[in-house]
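Asker: structure, please.
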Amino acid sequence: MHDLIVIGGGPAGLAAAMAAYENGINDILIIERDQQLGGILNQCIHNGFGLHYFKEELTGPEYADRFIKKIHQTTIEVLLDTMVLEVTKEKEVHIVNKEVGYQILKSKAIVFAMGCRERTRGAIGIAGSRPAGIFTAGAAQRYVNMEGYLVGKKVIILGSGDIGLIMARRMTLEGAEVLACIEVMPYSGGLTRNIVQCLDDYDIPLYLSHTITDIRGKSRVEQVVVAEVDEKRQPILGTERIFDCDTILLSVGLIPENELSRDAQLALDSKTNGPFVYENMETSVPGIFACGNVVHIHDLVDFVTAESIRAGNSAASFILNHEQKTETMLAVKNGAHVTYVVPQHIRQENIDRRIELFFRVNQVFDDSQILVKSQGEIIAKQKKSYIVPGEMEKIKLSRKVLDKVKNGEMEVCVEEVSKT
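Answerer: Just a heads-up that it's a prediction; the model follows:
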């Protein structure tokens with residue numbers, strides 16, 4: 001019987017385990033399916049990490065190494081190259097690896113930190129033949145940065161998520177020609193800084209409201225057909241253009257990795273594709289916590305770290321105290337122009353001073369305001385000069401604001417500020 005098992009040794013799992021250890025939990029086990037700790041950060045060799053948390057600019061491996069060194073100075077146990085096959089709501093963790101074979105481990109508390117996976121070609125249904133040369137952007141990043149293989153020489157990127165934008169720059173620096181980045185939405189799905197640093201600085205065109213309608217090639221990709229789309233994201237006849245290329249990188253969205261969450265019978269949010277969580281990152285099953293991209297997709301690893309520290313602190317509190325106050329439960333909904341909000345539930349008695357709500361919008365806003373409403377009444381608002389879907393937003397609510405919530409329900413919405 002362990003005190004705490006953390007599933008996932010990436011930035012979320014490392015931060016959660018370290019936080020729990022610093023709060024008095026000594027019997028902690030991290031289970032990681034890869035052969036080393038660090039998760040996705042190991043293949044993110046570009047800089048830009050750590051500006052919020054460490055107040056300096058680091059590469060992905062450098063950021064991970066800061067936590068890995070701390071972990072190695074503790075009593076925290078690590079199992080690498082180990083697959084978690086199942087987790088039950090009774091906190092039993094079924095694992096397998098070549099050293100110990102199949103085992104069932106038990107724990108007083110569990111932190112889910114499995115991260116996310118990429119959508120593939122099959123998930124978006126691109127028409128055309130099935131040649132080689134089609135990669136997800138993350139897979140291409142691993143091949144180039146960790147395995148040392150250049151995946152192509154003439155590249156089209158579908159989708160403008162952050163990994164796709166970063167790989168546009170990376171492929172260019174490695175000598176490939178990136179012909180264009182194609183985005184079906186009328187706005188980019190990535191951070192503004194990545195659009196500037198990865199596309200604009202290298203004169204790589206970004207085609208908004210466009211998509212790939214056909215892939216041509218026999219043994220290898222030879223051409224793609226790109227067309228403009230209408231407001232319903234349907235291709236517009238007569239707008240097609242053909243690109244000669246040998247490689248397509250897909251940056252078409254990330255999905256929280258939640259097969260284990262379903263096994264454990266956690267309540268899942270259809271909007272985030274991750275578990276419903278309370279203010280302390282506890283899921284619907286007491287003693288099971290979740291953090292990072294397994295809950296919702298973050299744009300900065302610094303935010304993953306902050307959220308995971310909260311999960312680790314809460315797991316430690318659960319182990320030591322065994323229960324949370326649940327007298328007043330508030331439900332948090334997404335309102336107009338908001339895709340989702342995390343956390344989805346707040347136990348008011350557990351909020352000392354304030355709480356942060358994280359959310360994303362579904363369109364670009366210039367002058368706007370974030371509104372928190374309860375029963376149609378505005379209980380909090382914050383002005384913003386610029387909001388985009390590719391960047392996560394947040395609003396802080398004090399205990400006084402929470403006291404204004406009626407019938408236990410509030411919603412977060414965004415609206416444009418009238419210029420009249």
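Asker: contacting residues for Leu199?
Answerer: By C-beta atoms under 8 Å, 6 or more residues apart in numbering, Leu199 lies in contact with Leu165, Ala168, Arg169, Cys181, Pro205, Leu206. Where you see a C-beta, it was placed from the backbone N, CA and C, and this is true even at glycine.
Asker: beta partners of the last one?
Answerer: Read it as Leu206. Cys181 (DSSP bridges).
Asker: go ahead and confirm it touches Leu179.
Answerer: No - Leu206 is beyond contact range of Leu179, at 11.6 Å (criterion: C-beta atoms under 8 Å).
Asker: tally of neighbours for Met167?
Answerer: Met167 is flanked by 30 other residues according to other C-beta atoms under 10 Å.
Asker: try Gln73
Answerer: Neighbour count of Gln73, defined by other C-beta under 10 Å: 10.
Asker: of the contacts of Leu199, just the buried ones, ChimeraX syntax please.
Answerer: To isolate the buried ones among the contacts of Leu199 in ChimeraX, judged by 16 or more other C-beta atoms under 10 Å, type:
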select :165,168,169,181,206
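Asker: Serialize the contacts of Leu199 to a markdown table and add fields for pLDDT and distance to Asn362.
Answerer: Converted to a markdown table, the contacts of Leu199 look like this (pLDDT from 0 to 100; distance: C-beta to C-beta, whole Å):
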| residue | pLDDT | distance to Asn362 |
| --- | --- | --- |
| Leu165 | 95 | 20 |
| Ala168 | 97 | 24 |
| Arg169 | 96 | 27 |
| Cys181 | 97 | 21 |
| Pro205 | 96 | 25 |
| Leu206 | 96 | 20 |
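Asker: for the longest strand seen in the chain, which strands pair with it and how are they oriented?
Answerer: Identified as the longest strand of the chain according to DSSP state E is strand 101-112. With DSSP bridges as the test, strand 101-112 is paired with strand 2-7 (parallel), strand 92-97 (antiparallel), strand 288-290 (parallel).
Asker: buried residues in the last one?
Answerer: Applying a neighbour-count criterion of 16+ other C-beta under 10 Å, the buried positions in strand 288-290 are Ile288, Phe289, Ala290.
Asker: likewise for the second one?
Answerer: By 16+ other C-beta under 10 Å, the buried positions in strand 92-97 come out as Val93, His94, Ile95.
Asker: residue nearest the centroid of this protein?
Answerer: Ile297 (2.3 Å; C-alpha atoms, centre = their mean).
Asker: first-to-last residue distance for stretch 258-269?
Answerer: Taking C-alpha to C-alpha, to the nearest Å, stretch 258-269 runs 11 Å from one end to the other.
Asker: next one: stretch 387-396
Answerer: Distance across stretch 387-396, first residue to last, is 16 Å (C-alpha to C-alpha).
Asker: kindly report the same for stretch 383-393.
Answerer: Taking C-alpha to C-alpha, stretch 383-393 runs 12 Å from one end to the other.
Asker: that one - what's its average pLDDT?
Answerer: When pLDDT is averaged over stretch 383-393, the result is 90.
Asker: got the contact list for it?
Answerer: Residues contacting stretch 383-393 (C-beta under 8 Å, 6+ apart): 160-162, 185, 187-192, 298-300, 303, 339, 358-370, 414, 417.
Asker: now swap in stretch 306-326 and tell me
Answerer: Stretch 306-326 is touched from outside by 3-4, 11-21, 23-25, 52-53, 108-111, 113, 278, 280-282, 286-287, 289-292, 295, 298, 347, 349-350, with contacts defined as C-beta under 8 Å, 6+ apart.
Asker: residues touching Arg170, list them.
Answerer: Contacts of Arg170 by C-beta under 8 Å, 6+ apart are His46, Gln141, Val144, Asn145.
Asker: cutoff 10 Å now
Answerer: Contacts for Arg170 (C-beta atoms under 10 Å, 6 or more residues apart in numbering) come out as Ile45, His46, Ala137, Ala140, Gln141, Val144, Asn145, Ile163, Ala176, Val178, Cys198.
Asker: count the residues that sit near the residue lying closest to the fifth one once chain neighbours are set aside.
Answerer: Looking back up the chat, that one is Gln141. Nearest-residue entry for Gln141: Gln43, 5.1 Å, with adjacent residues in sequence omitted and distances by C-beta to C-beta, 6 or more residues apart in numbering. Other residues lying near Gln43 total 21 when counted by other C-beta under 10 Å.
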